[in-house]
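> all I have is the shape, not the residue letters:
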């Protein structure tokens, strides 16, 4: 894919919401923000990772906070560019490319809006190949890229720049700032050059998002599972959702009662913005770092954790994460034990 | 006073602790930090407010957080200059003068250490004429000076720069950052030019601190009361202290049982880092914005709120604040109602 036009936004948002594994923000909001920016500034050029010049100045942008809050406190269009400009000023560098820190309904589309506003090309890739809830959980961290200097901007115009001793401290201080700013803020972080981006990012994520979006429309759940090399874990009806906004995250559980071939079984999903673990009748079926996605059983559209509701008929699928997440360092950063589950990761056969 | 030498630090710290009204940090810590810096870099030149060139670049520095924590988590000497350098870099300006944001045992001495380290003169003045617990509570705020851009640095090397829409938001975001950094951090804020400093700061605070320090040694409580134009409110023994570290502040109450002429009466002091209100037998004797100070009844040495202990014999004195604090805007910023006491300020006759 060479550019993103307004016509493609629906598919990109739809596909990105799948890779968001329940988090990464509501695709409808992402679409609205990107549409407003593309309407004003025109299409956004995409740069493939392997075409990035080594001396490119790449700046990922994202929304940070609790997705439950983001659906009520929408970011302003001005805010989207503010975080990027604040960081560029701090770095004293001319930016050459915008990028996605993660994949997700909002976090794949905010960079589209930012790139349009700033008149810059967008890197076709992202820093995780999925969404994760904490800042340090990126492949660039595994490759030694610093998350800071990092800029945080809220919708009122308040700005914070962090420069921390490691990426864990970036998460801690940014989370505190985000909470004070009302549990959602725009961030710009992991500034890197083209060589670092080529080495550490997941290639072609936006192209994949657009393709997944088209597959949802043409083939529903089965087509998505097939394209991701994943598996259908469970089909069931949502019978209970418990969620709380805690420490700046949307945390909770959803219980599903099986339908069709899964009748008589129960599935529990545990999430922190993103789905972390899926347990069938008490046994773990899948866990981070692999992707666990909740899709509408009929249409295949992703359902984010903040949109899960009683009575929805849901297909829960799992898909393999970028292999680097299964390295020892990757698991330390975002494996089940980091999130407090004393289990080895349960993956998808590949 | 034209300069501060190592010999004068004891008196400056002693006097500053009195103006700190129970807060502003432990004078012993302030003295240690300043002594280390002066030992390495030599005396610090003082610039009187009315001698400041209009285009001077003045940068106040301070310690922020809960004084109860500061006595256990000492700042490193490197950290002191870090906040100032971070802000100077952000502003892209060459600093010409360091200044005191407030008066207090630590916060009058940290700027001495910073000025020595940075090789800059120190302004003989401060932003309050006393200590107050929150960032926006300064005379520069009353004169329209912005608290941000503001830098915050911790002892690990983490740095945050804030740029906020008003000084209330600076307090809110800085407090959150300070809490994450462990309830104490070094800050640099209220960058201003010489003209703004001359208009908005309280003149000659450091000279006053040194003089108060000498008076403590020569004349004890009575000499201090006389010099400040204040009054002795109460003499008594500390019979109870309740304190809690809450929302990043040291909050609490101290109860005193009267001695000598005050035998048979009780006094309660309520504090948030600094003393806010003194109540004798249930009636308010003194309140913010005027100064309420706890001194050792025999030596006249200030006792900070975190050092109040059962059995201490204490003279509680009150002294008039800078008259600007009694304006409508001053009272809105730091009068008793701001702190939740539904009373008009009870002042010292002047």
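Thanks, I have the structure now. Predicted model only: the values in this text are computed from it and were never measured.
> tell me the residues of the stretch 151-300 of chain A that contact chain B?
A:156-165, A:169, A:172-173, A:176-177, A:179-181 (Cβ under 8 Å from any Cβ of the partner chain). For glycine as for every other residue, the C-beta is placed from the backbone atoms N, C-alpha and C.
> where do the strands sit along the stretch 1-150 of chain A?
A:3-4, A:44-48, A:57-65, A:97-100, A:122-126, A:150-153 (DSSP state E, counting those that start in this stretch).
> residues contacting the closest residue to residue A:271 other than its chain neighbours?
Distances taken as Cβ to Cβ, 6 or more residues apart in numbering or on different chains place residue A:305 nearest to residue A:271, at 4.6 Å, with adjacent residues excluded. Shown in contact with residue A:305 (Cβ atoms under 8 Å, 6 or more residues apart in numbering or on different chains): A:22, A:23, A:67, A:243, A:250, A:252, A:254, A:271, A:273, A:274, A:275, A:294.
> ramachandran angles for the closest residue in space to residue A:106 that isn't next to it in sequence?
Distance criterion Cβ to Cβ, 6+ apart; nearest residue to residue A:106, sequence neighbours excluded, is residue A:25 at 2.4 Å. Phi and psi for residue A:25, reported as degrees, to the nearest 10, are phi 90, psi 150.
> wait, residue A:25 touches residue A:107, no?
Yes: when contacts are counted by Cβ atoms under 8 Å, residue A:25 is listed as touching residue A:107 (5.7 Å).
> joint contacts of the two?
Shared contacts of residue A:25 and residue A:107, defined by Cβ under 8 Å, 6+ apart, comprise residue A:63.
> compare the two (neighbour count), which wins?
residue A:25 (33 against 29; other Cβ atoms under 10 Å in any protein chain shown).
> centre of the chain to stretch A:133-141, how far?
11 Å (Cα atoms, centre = their mean, to the nearest Å).
> which parts of that stretch are buried?
A:133, A:134, A:135, A:136, A:137, A:138, A:139, A:140, A:141 (16 or more other Cβ atoms under 10 Å in any protein chain shown).
> among those, which are in helices?
Using DSSP state H, the subset of those located in helices is A:139, A:140, A:141.
> turn those residues into CSV, including pLDDT and distance to chain B.
Below are these laid out as CSV (pLDDT from 0 to 100; distance: Cβ to the nearest Cβ, whole Å):
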residue, pLDDT, distance to chain B
A:139, 98, 23
A:140, 98, 19
A:141, 98, 17
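> looking at those residues, which is nearest residue A:197?
residue A:140 (8.1 Å; Cβ to Cβ).
> got the angle between the longest helix along chain A and strand A:44-48?
Criterion DSSP H: the longest helix present in chain A is helix A:205-228. If you take axes from the mean of the first three to the mean of the last three Cα atoms, to 10 degrees, helix A:205-228 sits at 60 degrees to strand A:44-48.
> I'd like the next helix or strand past helix A:205-228.
Using DSSP states H and E, the helix or strand that follows helix A:205-228 in sequence is strand A:231-246.
> which residues touch residue A:165?
Contacts of residue A:165 (Cβ under 8 Å, 6+ apart): B:156, B:157, B:158.
> just give the closest residue to it, not the sequence neighbours.
residue B:157 (4.8 Å).
> give me the residue from the stretch 251-350 of chain A nearest chain B.
Nearest residue of the stretch 251-350 of chain A to chain B (Cβ to the nearest Cβ) works out as residue A:272 at 18.8 Å.
> hang on, that residue packs against residue A:249?
Yes: between residue A:272 and residue A:249 there is a contact under Cβ under 8 Å: 5.2 Å.
> between the two, which contacts overlap?
Joint contacts of residue A:272 and residue A:249 (Cβ under 8 Å, 6+ apart) are residue A:133.
> how close does residue A:243 sit to chain B?
Distance, residue A:243 to chain B, by Cβ to the nearest Cβ, to the nearest Å: 23 Å.
> correct me, but that residue touches residue A:67?
No: using Cβ under 8 Å, residue A:243 makes no contact with residue A:67, being 10.1 Å away.
> more neighbours, these two?
Neighbour count, other Cβ under 10 Å: between residue A:243 and residue A:67, residue A:67 has more, with 32 against 16.
> over to the closest residue to that one other than its chain neighbours: give its phi and psi.
Spatially, and ignoring its direct neighbours in sequence, residue A:67 is nearest to residue A:306 (4.6 Å; Cβ to Cβ, 6+ apart). The phi/psi pair for residue A:306 (degrees, to the nearest 10) reads phi -70, psi -10.
> pretty sure residue A:306 contacts residue A:250?
Yes: in terms of Cβ under 8 Å, residue A:306 counts as a neighbour of residue A:250; the distance is 5.9 Å.
> returning to what we had before: just the local confidence number for the residue nearest to residue A:165, please.
Confidence at residue B:157, expressed as pLDDT, is 94.
> surely it and residue B:82 touch.
Yes: using Cβ under 8 Å, residue B:157 is in contact with residue B:82, at 7.4 Å.
> neighbour count for the two, which is higher?
More crowded of residue B:157 and residue B:82, by other Cβ under 10 Å: residue B:82, with 24 against 15.
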